[in-house]
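>>> My questions are about this predicted structure, shown below with the sequence.
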Amino acid sequence: MKITRDVVADLLPAYLAGEASADTRALVEEFARQDAEFARLLAAQRSEFDLGAQALREPGAGLPPDHELRTLERTRRMAARLRWLMALALAFTAFPLSFVFQGGRLTFLLVRDVPVVALASWVSAATFWILFLSTRRRLRGSGL
């Protein structure tokens with residue numbers, strides 16, 4: 001059986017990764033000795049593979065040493081902000097809905113007595129809800 005160039009090219013990933021058997025390594029090297037063009041291709045692939053492997057071994061080589069710590073702190077601040085926005089949004093939403101039960105009737109105090117304050121509270125609540133949702137979207141966009 002004649003081994004074609006395509007068969008040897010299919011073996012290259014395992015050969016370059018160092019996962020090929022001794023027979024496969026010998027086959028690829030023998031084929032490279034016989035075919036000069038394939039030898040050039042092998043050398044180019046080897047240098048490209050070595051660069052890629054080096055980049056994988058050194059994750060974040062271009063990042064400052066405290067990058068992960070700063071990212072964690074920023075994420076914690078955003079999570080704390082998210083909690084505060086949720087609490088404020090709920091408070092300002094529920095505040096105008098305070099009520100009393102008198103004489104068999106439910107009466108909303110703030111809406112009845114001071115509707116302008118109730119409206120201002122709901123506008124504030126809407127603002128806090130929008131901020132909450134946008135912060136949540138930013139956190140989800142980052143995979144958290």
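That came through, no problem.
>>> Domain map for this protein?
5-57, 67-141 (automatic domain parsing).
>>> in stretch 125-138, what's buried?
For stretch 125-138, the neighbour count (16 or more other C-beta atoms under 10 Å) marks 125, 128-129, 131-132, 135 as buried. In short, each C-beta sits where N, CA and C put it, glycine included.
>>> Let me have the domains of the chain in TSV, extended by mean pLDDT.
Formatted as TSV, those follow (pLDDT from 0 to 100):
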stretch	mean pLDDT
domain 5-57	81
domain 67-141	88
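>>> which other helices and strands contact the helix or strand harbouring Ala87?
Secondary structure from DSSP states H and E places Ala87 in helix 67-94. Packing partners of helix 67-94 (3 or more C-beta pairs under 8 Å, 6 or more residues apart in numbering; DSSP states H and E): helix 115-141.
>>> Compute the inter-axis angle for the helix it packs on and helix 67-94.
150 degrees (axes from the mean of the first three to the mean of the last three C-alpha atoms, to 10 degrees).
>>> Val117: what's it in contact with?
Val117 is in contact with 96, 110, counting by C-beta atoms under 8 Å, 6 or more residues apart in numbering.
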